[in-house]
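K.L.:
Mind looking at a prediction? Sequence and model below.
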There are 2 protein chains.
Amino acid sequence: MVVFMNVTQPSTRSKLLNAALQVVRTTGFEATTVDELCRTAGVTKGAFFHHFKSKEELGVEATRYWTEMTGAMFAAASYHEFEDPLDQLIAYVDFRRQLLEDHSIPEATCLLGTMVQETYSSNPVLREACRIGIETHAGTIAEIIAAAKSRHAPKASWSAEGLALHTQAVIQGAFILAKARDDLSIAADSILHLRRYIELLFHYGKEE
Amino acid sequence: MVVFMNVTQPSTRSKLLNAALQVVRTTGFEATTVDELCRTAGVTKGAFFHHFKSKEELGVEATRYWTEMTGAMFAAASYHEFEDPLDQLIAYVDFRRQLLEDHSIPEATCLLGTMVQETYSSNPVLREACRIGIETHAGTIAEIIAAAKSRHAPKASWSAEGLALHTQAVIQGAFILAKARDDLSIAADSILHLRRYIELLFHYGKEE
DNA sequence: TGACACATACCAACCAGTCGGTATGGTTGT
DNA sequence: ACAACCATACCGACTGGTTGGTATGTGTCA
């Protein structure tokens, strides 16, 4: 049972969750220590284990927190304002590309993709939590794609869900290349290829 | 100085490297312990630190070993047999998709993508080793793409290197989705989208 | 006064890496 | 031919530091 607390100064719990988003994306989940999390959040170890019964539980809660935060961010983004769902989709891809600008790699990358790489085999609970987060976001994109498809390409052989997951695959893979090169610009290049793919699928810009 | 040993029974060193490819892809690099590596390889800890001065050095050597092994595998693959480089490229993508069949997730996924996620920030040496491995493979694909481009789309605005890196991004991202779902078939779907993108870029199958 | 939200001190397990020692096969000097 | 010497390969008990987690104390507020 979560009780909503005073919003003016962040609760210890949310300080720890925010610390987790930062530190885990930088260091990875396994290499992140509880002490490091406490240091970053500015709280003690006692406070940590008061709010989370284990490091794993913090991980699961962090995926929920992440899904909530990013969900709100995407819900408020301006790409929804286009009338045509195809315009929304293209604008979403452009938005994802813009999100890379003026950010460090840990800030730009996805908590869920980072965590699931390490835990998919050793920790089914965390794996499932990451899956839910990824598919929740993919679901919102699938809705846009489904609307765009029924308007612009109703007879296409691919599914809206499949294409939505593909957009997430490209974005996740772009982050891996960016990490390997220590340079986010390569990720932007790959997302541009994704944009071009969608343009070609829908003949975008070739119709009047 | 590496001295070539008897090939009939694998050396302790290669037993450890093979163990690393398995265990690291399953467990992740950080969560993999030296003891676990030794148990899997069937050697003692003394042997481990005789051949590698640290766990990090094993990691670097494992990326080299991986790049060598997979490089030989791709060099021997049949997609090179097509005369038209565009046919080679399409066949390469199909080959990558086939590689997912009849394999578990740890067997199918990429050591370098897994390792670089965890180490890009904390271990520059390992990050660089992973980058070299990824870009070595991407380079071989870029050659094929460059040949296909000059024959079929010489005026296209995208670069061969960029598209080659994009293919690797899609494949790496597909692995992340597969790990999150604990199901490789989603990765195959994403690679099919990659195939369709290349077909559209080159108007493949629409010319006679 | 008692429940909640922490703080401090502590612990047992684990882990990378060390170290003294052994087995074996090749080289050298006589 | 053979002893002396040495390098490589390997063994496994041990260590010092770290880590996730616990036990217990303390201030605060309803």
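P.N.:
Received, thanks.
K.L.:
Please identify the buried residues of stretch A:194-206?
P.N.:
Residues of stretch A:194-206 classed as buried: A:194-202, A:204 (neighbour count, 16 or more other C-beta atoms under 10 Å in any protein chain shown). Every C-beta, even on glycine, is put in place using the N, C-alpha and C of the backbone.
K.L.:
among those residues, which are in reach of DNA strand D?
P.N.:
Checked against DNA strand D using C-beta under 7 Å from any atom of the strand, the buried residues of stretch A:194-206 yield no neighbours at all.
K.L.:
low pLDDT regions in chain A?
P.N.:
A:1-9, A:206-208 (pLDDT under 70).
K.L.:
from it, which residue is nearest to DNA strand C?
P.N.:
For chain A and DNA strand C, the shortest gap (C-beta to the nearest atom of the strand) falls at A:G46, measuring 2.2 Å.
K.L.:
That residue: neighbour count?
P.N.:
Residues lying near A:G46 (other C-beta atoms under 10 Å in any protein chain shown) number 8.
K.L.:
give me the subset of the buried residues of stretch A:194-206 touching chain B.
P.N.:
Filtering the buried residues of stretch A:194-206 for neighbours of chain B using C-beta under 8 Å from any C-beta of the partner chain leaves A:196-197, A:200-201.
K.L.:
and A:H80, how many residues sit next to it?
P.N.:
A count of neighbours around A:H80, defined by other C-beta under 10 Å, yields 14.
K.L.:
picking up where we left off before, for the residue of chain A closest to DNA strand C, give its distance to DNA strand D.
P.N.:
Per C-beta to the nearest atom of the strand, to the nearest Å, A:G46 is found 4 Å from DNA strand D.
K.L.:
what's the answer for A:T114, then?
P.N.:
The gap separating A:T114 from DNA strand D is 16 Å, by C-beta to the nearest atom of the strand.
K.L.:
Next one: the host helix or strand of that residue, is it in contact with chain B?
P.N.:
A:T114 belongs to helix A:111-119 when assigned by DSSP states H and E. Yes. Using C-beta under 8 Å from any C-beta, helix A:111-119 reaches chain B at A:112-114, A:116-119.
K.L.:
can you list the residues you listed in JSON lines and add neighbour count and distance to DNA strand C?
P.N.:
Formatted as JSON lines, those follow (neighbours: other C-beta atoms under 10 Å in any protein chain shown; distance: C-beta to the nearest atom of the strand, whole Å):
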{"residue": "A:L112", "neighbour count": "27", "distance to DNA strand C": "25"}
{"residue": "A:G113", "neighbour count": "26", "distance to DNA strand C": "24"}
{"residue": "A:T114", "neighbour count": "26", "distance to DNA strand C": "20"}
{"residue": "A:V116", "neighbour count": "30", "distance to DNA strand C": "21"}
{"residue": "A:Q117", "neighbour count": "27", "distance to DNA strand C": "18"}
{"residue": "A:E118", "neighbour count": "27", "distance to DNA strand C": "14"}
{"residue": "A:T119", "neighbour count": "25", "distance to DNA strand C": "15"}
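K.L.:
Distance to B:H103 for those residues - can I get that in TSV?
P.N.:
Shown next, in TSV, are these (distance: C-beta to C-beta, whole Å):
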residue	distance to B:H103
A:L112	24
A:G113	21
A:T114	24
A:V116	19
A:Q117	17
A:E118	20
A:T119	20
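K.L.:
what's the longest helix in chain A?
P.N.:
Determined from DSSP state H, the single longest helix within chain A is helix A:124-152.
K.L.:
got the buried residues for it?
P.N.:
A:126-135, A:137-138, A:141-142, A:144-149, A:152.
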